[in-house]
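# Sequence and predicted structure below; questions after.
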Amino acid sequence: MAGANGSPLKFKKFSDEATSLKVSEAKDKHDYNAVVSDFIPLQRILPDSRPEVCLVLRYPDDLPPVSVVIPFRNERPSVLLRTVYSVLLHSPARLLREIILVDDGSNEPDLGSQLDVHVASLPKVRLIRKAVNVGLMMARQAGIDASSADYFITMDSHMECSPGWLEPVVYRLVQKPKALVCSNIGSINNDDFGVSPNTEKFGVAFDFPFFTWNLGQQIARFTKEYSESRKNNTEPMWIGTVMGMIIAMRKDWFQQLGGFDPGMHIWGSEQIELSVKVWMCGGEVEMVMWSVGKVGMVNLFRVAYTWLDQPYRQVVIDYSGEKPSEVDVGDVSERRALREANACHSFHQRGAAKLCHEGFSYTKRKETKSTIRWECSQRRSENCKGTVTSDNPVS
């Protein structure tokens, strides 16, 4: 069977020019080989890639159910539906309350009535349609608002879940109600759709996402001491920010923090905004070990003006190279009011200290109009040395 067990589907060469052109156009449109995807069964079963130590773990029988929210816009139907089926096939029935698909104003004919009919035949799946494109964050927000479970997971519409992916996520949220959790992410080849789970030592590579002083996503590295101190690969790992393609939280905690920023209309920096406010307001950002595969400047400034204090805010502005007067960030007063209502820490108290979180090795030096020198060489934040200065007035 094509693509069975996550295997790649390779074509040596298409015999006719028309098919080759079709493949090329589909790849340009979707950034993956949509024609190959159409040959792979929707109900593809992925192998269980968990280490042996994880297979013997047992979770409480009374874990709560979750709502899974999947926003999409003009996704290839075969890719979208394979995402849905992977959740249905690899999730214990008692833990899956519902799957909510949110169509963000798609205009592809194949995502019209044909999708309506298909979704109507599936258990626990419902479809919400937006008449116009509202953007990824607001599409996610619409799904979360409509969800009925106390916990939710949002995921991209071009992912496939492997066995055992859901239980550790839900369990961690029960253990830590204020956590923002994501899964360990493997990859799906965008040309042949072969699935490659993340099977590094301890179940995850010891690189993890954080952000630089321009609020750009970057990959940092845990210290050797922290890596070696982990007893096994079943323990969740602290990370600086989630990657965004899959996140899980308690719904009431997410809504208390204001949900997604309505001023962010397109994707970009939303995962940083969510991560920063979670740990500034008393929560944690973590990654659990089981694998899921995955085939803008205004947002950045909104994060800076809402969650960063001076001089850090000015550092971000200076690093961006943009003039604040030329970037319309809109009104952030309501977002800052949420910060006050939740008694969140200042960025210096909670944010800068996170750069020196135990087990996090980070060195960043850059000379610009604002000077940043930050060295985190010790395992505990109180032992770290750092200075942040700005040539601009501190407000």
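Cool, got the structure.
# going forward, measure contacts and count neighbours with C-alpha atoms only.
Noted.
# What is the burial count for residue 1?
Neighbour count for residue 1, taken as other CA atoms under 10 Å: 10.
# That one: what's it in contact with?
residue 40 (CA atoms under 8 Å, 6 or more residues apart in numbering).
# So for it, what's the pLDDT?
For residue 1, the pLDDT comes out at 71.
# ok, now how distant is it from residue 43?
Note on residue 1: its distance to residue 43, by CA to CA, to the nearest Å, is 11 Å.
# likewise residue 120?
For residue 120 relative to residue 43 (CA to CA), the value is 17 Å.
# higher neighbour count, these two?
Looking at residue 120 and residue 43 with other CA under 10 Å, you find the greater number of neighbours at residue 43, namely 15 against 12.
# can you tell me which residues contact the closest residue to residue 178 other than its chain neighbours?
Leaving aside its sequence neighbours, residue 178 sits nearest to residue 283 (CA to CA, 6 or more residues apart in numbering; 4.7 Å). Residue 283 is in contact with 178-180, counting by CA under 8 Å, 6+ apart.
# cool, residue 182 as well?
Residue 182 sits next to 169, 242-243, 246-248, 286-288 when contact means CA under 8 Å, 6+ apart.
# Phi, psi for residue 73 please.
phi -150, psi 110 (degrees, to the nearest 10).
# Then residue 275?
phi -60, psi -50.
# And residue 103, how far from residue 72?
5 Å.
# quick one: which of the two has more around it?
Shown here are residue 103 and residue 72; by other CA under 10 Å, residue 103 has more neighbours (27 against 23).
# That one contacts residue 126, correct?
No. The criterion here is CA atoms under 8 Å, and residue 103 misses it with residue 126 at 10.8 Å.
# just to revisit the earlier point, kindly indicate which of the contacts of residue 182 lies nearest residue 22.
Nearest to residue 22 out of the contacts of residue 182 is residue 246 (CA to CA; 30.7 Å).
# which one is the closest one nearest to, not counting chain neighbours?
Here the residue nearest residue 246, using CA to CA, 6+ apart, is residue 155, at 4.2 Å.
# What's the local residue count around that neighbour?
By the criterion of other CA under 10 Å, residue 155 has 23 neighbours.
# and it, what does it touch?
Here residue 155 is in contact with 68-71, 245-247 (CA under 8 Å, 6+ apart).
# tell me which of those residues is nearest to residue 11?
Taking the contacts of residue 155 together and measuring to residue 11 by CA to CA, the closest member is residue 245, at 28.9 Å.
# Distance of the closest one relative to residue 157?
9 Å.
# of these two, who's got more company?
A direct count of neighbours by other CA under 10 Å for residue 245 and residue 157 places residue 157 higher, at 25 against 16.
# Pretty sure the more buried one sits against residue 76.
No. Shown here, residue 157 and residue 76 do not form a contact pair, counting by CA under 8 Å, at 9.3 Å.
# what does stretch 36-43 rub up against?
Contacts of stretch 36-43 (CA under 8 Å, 6+ apart): 1-4, 9, 78-79, 81-82, 85-86, 89, 191-193.
# Out of those residues, which end up buried?
3-4, 9, 78-79, 81-82, 85-86, 89, 191-193 (16 or more other CA atoms under 10 Å).
# Those residues into a markdown table, with extra columns for secondary structure and distance to residue 278?
What follows is these, written out as a markdown table (DSSP: H, G, I helix; E, B strand; the rest coil; distance: CA to CA, whole Å):
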| residue | secondary structure | distance to residue 278 |
| --- | --- | --- |
| 3 | coil | 39 |
| 4 | helix | 39 |
| 9 | coil | 41 |
| 78 | helix | 35 |
| 79 | helix | 31 |
| 81 | helix | 32 |
| 82 | helix | 31 |
| 85 | helix | 31 |
| 86 | helix | 29 |
| 89 | helix | 31 |
| 191 | coil | 36 |
| 192 | coil | 37 |
| 193 | coil | 34 |
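# can you put those in JSON lines and add distance to residue 184?
Formatted as JSON lines, the buried ones among the contacts of stretch 36-43 follow (distance: CA to CA, whole Å):
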{"residue": "3", "distance to residue 184": "22"}
{"residue": "4", "distance to residue 184": "22"}
{"residue": "9", "distance to residue 184": "24"}
{"residue": "78", "distance to residue 184": "24"}
{"residue": "79", "distance to residue 184": "20"}
{"residue": "81", "distance to residue 184": "22"}
{"residue": "82", "distance to residue 184": "19"}
{"residue": "85", "distance to residue 184": "19"}
{"residue": "86", "distance to residue 184": "16"}
{"residue": "89", "distance to residue 184": "19"}
{"residue": "191", "distance to residue 184": "22"}
{"residue": "192", "distance to residue 184": "22"}
{"residue": "193", "distance to residue 184": "18"}
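# biggest separation within those residues, which pair?
Largest separation among the buried ones among the contacts of stretch 36-43 by CA to CA: 89 and 191, giving 24.0 Å.
# Report how many residues lie close to residue 88.
Going by other CA under 10 Å, the residues that sit close to residue 88 add up to 20.
# start the count at 94, not 1, going forward
New numbering, starting at 94: the last item is residue 181.
# which residues sit in contact with it?
Applying CA under 8 Å, 6+ apart, no residues qualify as near residue 181.
# which element is it on?
helix 170-182 (DSSP states H and E).
# Repeat that for residue 220.
Residue 220 belongs to strand 218-223, assigned by DSSP H and E.
# what comes up buried for that strand?
Those would be 218-220, 222, for strand 218-223 by 16+ other CA under 10 Å.
# re the thing from before, quick check on the contacts of residue 376: which are buried?
Buried, going by 16+ other CA under 10 Å: 271-273, out of these.
# could you dump these to TSV with secondary structure and pLDDT?
Below are those laid out as TSV (DSSP: H, G, I helix; E, B strand; the rest coil; pLDDT from 0 to 100):
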residue	secondary structure	pLDDT
271	coil	96
272	strand	95
273	strand	95
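# Out of those, the closest to residue 363 would be?
residue 273 (13.3 Å).
# That closest one reaches residue 374, doesn't it?
No. Contact criterion CA under 8 Å: residue 273 and residue 374 do not qualify, at 11.7 Å.
# Please enumerate the strands of the stretch 144-293 of the chain.
Ranges of strands in the stretch 144-293 of the chain, per DSSP state E, counting those that start in this stretch, are 159-165, 189-197, 218-223, 244-248, 252-254, 272-278, 280-281, 288-289.
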